[in-house]
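Student: kindly return the folded structure for what I paste below:
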Amino acid sequence: MRIKLSELRRLKYIEKVILHCHDKSLYLVSVKMCNEASYLSDERGGFLKSFNKLSLQSKFKEMTVGEMVLRHQSPY
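Tutor: You can find the predicted model right below:
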């Protein structure tokens, strides 16, 4: 399931933000709300992604977030 960043900004509280680190420092973002996880998408419907985790963290600076974690996933 996906949720757009603009829809997420309308919420008062986000339980958990997860930055998923994949191969070659590619970061994807998911959020957990009401025990349900959803990946974040941009306005065009593609995954919200970046090679810079700080640029992704800055997208949440005006939102109330319970916790933000980094999850590294490696095939090795």
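
Student: list the residues that contact the most centrally placed residue in the chain.
Tutor: The C-alpha lying nearest the average C-alpha coordinate of the chain belongs to V29 (CA atoms, centre = their mean; 2.5 Å). Shown in contact with V29 (CB atoms under 8 Å, 6 or more residues apart in numbering): 17-20, 39-40, 48-49, 56. The way it works is simple: take the backbone N, C-alpha and C, and place the C-beta from them, glycine included.

Student: check what pLDDT it gets.
Tutor: V29 carries a pLDDT score of 96 in this model.

Student: show me the contact partners of the longest helix along the chain.
Tutor: Secondary structure of the chain per DSSP state H: the longest helix is helix 53-58. Residues outside helix 53-58 that contact it (CB under 8 Å, 6+ apart) are 19, 21, 27, 29, 48, 50, 68, 70.

Student: could you rerun that using 6 Å?
Tutor: Applying CB atoms under 6 Å, 6 or more residues apart in numbering, the set of residues contacting helix 53-58 from outside is 19, 27, 29, 50.

Student: just the CA coordinates of the helix or strand following it, formatted as PDB?
Tutor: Scanning the chain past helix 53-58 towards its C-terminal end, the next helix or strand to appear is strand 65-72 (assignment: DSSP states H and E). Presented in PDB, the C-alpha positions along strand 65-72 are these (Å, rounded to 0.1, in the frame of the first residue of the first chain):
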ATOM      1  CA  VAL A  65       6.600  12.000  14.300                       C
ATOM      2  CA  GLY A  66       6.700   9.400  17.200                       C
ATOM      3  CA  GLU A  67      10.000   7.800  16.000                       C
ATOM      4  CA  MET A  68      12.200   7.700  13.000                       C
ATOM      5  CA  VAL A  69      14.400   4.700  12.300                       C
ATOM      6  CA  LEU A  70      16.900   3.600   9.700                       C
ATOM      7  CA  ARG A  71      16.600   0.000   8.500                       C
ATOM      8  CA  HIS A  72      19.500  -1.300   6.500                       C
END
